[in-house]
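Trainee: Sequence first, predicted coordinates after that:
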Amino acid sequence: MSKKSFNNAPTKEGLSPAMVESGTIVNVNVKNLTVDWVSQFSGKQITDLKIMTPYLHYNNGEGFTCIPEVGALCEVCFPSDEDAPFIMGFVSAPEVEGGSSKDVQEEVKDPGVESEEDLSEAVSTGSTGATTTGQTTSDASFRAGRPILNPGDMLWQGRDGNFVIIKRGGVLQIGATQVCQRAYIPLLNYIRDFCENYELNTAAGSISWTVQRQENDPTGNAPTEYTLLAREFAQDAKASIKVSIGCLADAPKPPGAVQDKPYVEIVIAPQSIDPKDGTVTSGIKYVLRLDRAGNSYVMQAGTRTDEIKGNHVVTVTGDQTVNVGGKRHAEITGNDELVVDGEHQLTGKKGSSEKWSTIKSITATAIKLGSEGASEPVPKGLALAVWLASHTHPASYTPPIQAPTLANVLSKKVFVE
């Protein structure tokens, strides 16, 4: 074969034309990023072949890098200017297309980005540029397990199913599996995450959604939990706020008639919450727990102030207990009304005093002072004064025990002991 000089390479002479040969990678040098190659037809062996990439800069290796695997089919170019050969691209072996519709449904990685109908038909572009769907020109296929893509789509896929898909229309999908992936959708600027468990860690705190395995639950269910851990300052070693929502099996149960699993828990413990597992060591200042039966528990170490601008209505269907360790002060600028359908009891261990600027009235069928057994009727002041003023008798006269006028002096409702 004749030799000739090239205008752009005045110091080299080369064979004309360049040669391209198919072969298989038999070894990979990950340190030097070279491979060993064997020709598919002639059996020729070449070691330390370099690989052409879509873009690479020698300064710092910036660009696109992919480490090939042993067994990959590739095309090796032998340059016409007598430079060292290099791998210019990779190809797939031909296979017979069979059961394509089933393969398509299994391979499509589309978490609600597009409809399945749009992706279930094979798409190819002919030489005229027209797009044809649902048609095959031969039985040979070079898809090699790759999902069906539309013209203009780009795919980067790993051996274990992880992938990056850049779709026409601006949709971007990045995922490790079909369940674990993120989709960026330009329509309304959506970001959709799909996963079984999720965790976000920042200097300010962390967020996690976790799903426990079914075998860890006696009922065979998969309990879920959402946890937010927040630090007060980024320099803090431990978190100060914890918010948990879900099936909180390990959380303390709220007090109440029905002891059930908490659904919601809020804990404030300044710099006392382990950022790894959310364990609260000490220093709890506030706790709120709600369970699925409707019970609630609130613990507050400090002062609580409620300010209500409008009306406040409290309805308690069951019993109500109020325990006050210190003083209790209630100031009412309007009227105060207490209606009790049952018995009313007030017990005090020390003295009691009441001060009223005007009249205090007590209406009852009987008022007993001293105890419930008080039986001595209290004399009526005016009736007693009238009786004393009008009563006269001789010095030697003894009044009868049951004087008719004396009965009107005694009260029929107020008794003392």
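Mentor: Thanks, I have the structure now. Fair warning: this is a prediction, and the values are worked out from it, not measured in the lab.

Trainee: Centre-most residue in this structure?
Mentor: Taking C-alpha atoms, centre = their mean, the centroid of the chain lies closest to Tyr226, which sits 3.8 Å from it.

Trainee: avg pLDDT for stretch 83-100?
Mentor: Averaged across stretch 83-100, pLDDT comes to 81.

Trainee: Now do the buried residues in it.
Mentor: Buried positions in stretch 83-100, judged by neighbour count with 16 or more other C-beta atoms under 10 Å: Pro85, Ile87. The way it works is simple: take the backbone N, C-alpha and C, and place the C-beta from them, glycine included.

Trainee: Identify the residues contacting stretch 347-359?
Mentor: The contact list for stretch 347-359 (C-beta atoms under 8 Å, 6 or more residues apart in numbering) reads Lys360.

Trainee: And it, end to end?
Mentor: 24 Å (C-alpha to C-alpha, to the nearest Å).

Trainee: Run the chain-centre distance for it.
Mentor: 54 Å (C-alpha atoms, centre = their mean, to the nearest Å).

Trainee: residue ranges of the strands in the stretch 1-150 of the chain, please?
Mentor: Taking DSSP state E, counting those that start in this stretch as the test, the strands found in the stretch 1-150 of the chain are 3-6, 9-15, 19-29, 34-39, 45-51, 73-78, 86-91, 95-96, 123-125, 131-133, 140-141.

Trainee: Worst mean pLDDT among those strands?
Mentor: Among these, strand 123-125 scores lowest, at a mean of 35.

Trainee: Might one say that Phe86 is in contact with Lys50?
Mentor: Yes: with contact defined as C-beta atoms under 8 Å, Phe86 reaches Lys50; the gap is 4.8 Å.

Trainee: got the contact list for the closest residue to the residue nearest to the centre of the chain other than its chain neighbours?
Mentor: Distances taken as C-beta to C-beta, 6 or more residues apart in numbering place Ile245 nearest to Tyr226, at 4.5 Å, with adjacent residues excluded. With contacts defined as C-beta under 8 Å, 6+ apart, Ile245 is in contact with Glu225, Tyr226, Tyr263, Val264, Glu265.

Trainee: and of the strands of the stretch 1-150 of the chain, who's closest to Ile166?
Mentor: Ile166 lies closest to strand 123-125 among the strands of the stretch 1-150 of the chain, at 15.9 Å (C-beta to C-beta).

Trainee: By mean pLDDT, flag the weakest helix or strand of this structure.
Mentor: One helix or strand of the chain scores below all others by mean pLDDT, DSSP states H and E: strand 123-125, with a mean of 35.
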